[in-house]
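Build the 3D model from these lines:
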Amino acid sequence: MRLATFTDYGLRVLMRLAGTPDEPSTTARIAEEFQIPYNHLTKVVQDLARGGFVTTQRGGGGGIRLARPADTITLGEVVRRLEGRYAMVECFRADGGACLLDPLCRLKPQLAAAREAFIAELDKTSVADCAYAGPAPGAPSCAPAHAGGRDR
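Predicted coordinates:
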């Protein structure tokens with residue numbers, strides 16, 4: 001399995017917020033820390049807010065915070081939410097795609113089972129289990145895990 005870059009960034013945001021739960025952050029700060037394009041991260045944070053994972057507040061004293069305790073947010077529910085826009089393969093698209101094998105395909109149920117097992121495993125881990133408090137003072141920012149990833 002490979003997660004979309006969008007999902008990777010969403011998980012990073014949640015891990016970072018879980019690492020300092022009493023301190024709001026900003027999209028700009030997280031974008032700089034993880035070397036993520038600000039405009040892209042803004043879209044990720046908006047989706048996390050729509051999904052009920054974070055709250056956002058503009059202005060002084062505002063920022064991004066977890067909407068609920070990190071130990072109540074599982075990686076599985078986050079991945080389900082953020083990956084929901086992407087079909088694993090064409091026949092998983094909402095419109096069914098244009099796969100010629102679909103009526104007799106034996107692969108689709110196997111892929112669906114593997115996807116569910118993957119998500120079920122992620123359901124066993126909370127964001128709190130992966131909390132990241134940020135770099136040590138004076139340390140350089142994190143390098144991106146993969147330059148150029150994909151967003152499908």
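
for this protein, what spans make up the helices?
Taking DSSP state H as the test, the helices found in the chain are 5-19, 27-34, 38-50, 75-83, 107-122.

pLDDT (mean, whole number) over the second one?
When you say that, I think you mean helix 27-34. Here helix 27-34 scores 95 as its mean pLDDT.

can you check stretch 57-68 too?
89.

Quick one: residues contacting residue 125.
74-76 (Cβ atoms under 8 Å, 6 or more residues apart in numbering). (C-beta placed from N, C-alpha, C; glycine too.)

State the pLDDT value of the nearest residue to residue 48 once chain neighbours are set aside.
Nearest non-adjacent residue to residue 48, counting by Cβ to Cβ, 6 or more residues apart in numbering: residue 54, 4.6 Å away. pLDDT recorded at residue 54 is 98.

again, but for residue 146
Looking at residue 146, its pLDDT reads 44.

Check residue 90 too.
For residue 90, pLDDT reads 75.

Any figure for the gap between the residue of the chain most remote from its centre and residue 39?
Distance from the centre of the chain peaks at residue 104, with 33.8 Å (Cα atoms, centre = their mean). As judged by Cβ to Cβ, to the nearest Å, residue 104 and residue 39 stand 44 Å apart.

okay, and the helix or strand of the protein with the least pLDDT?
helix 107-122 (a mean of 91; mean pLDDT, DSSP states H and E).

list the contacts for residue 81?
47, 51, 53.

of the residues you listed, closest to residue 87?
Using Cβ to Cβ, residue 47 comes nearest to residue 87 of the contacts of residue 81, at 17.3 Å.

distance of the nearest residue to residue 126 once chain neighbours are set aside from residue 21?
Distances taken as Cβ to Cβ, 6+ apart place residue 71 nearest to residue 126, at 4.8 Å, with adjacent residues excluded. In this view, residue 71 and residue 21 are 10 Å apart by Cβ to Cβ.

give the contact list for residue 78.
Residues near residue 78 by Cβ under 8 Å, 6+ apart: 7, 10-11, 14, 48, 51, 53, 127.

Closest one of those to residue 115?
Looking across the contacts of residue 78 and measuring by Cβ to Cβ, the closest to residue 115 is residue 7, at 13.4 Å.

The closest one and residue 57: what is the separation?
24 Å.

Who has more neighbours out of those two?
residue 7 (24 against 11; other Cβ atoms under 10 Å).
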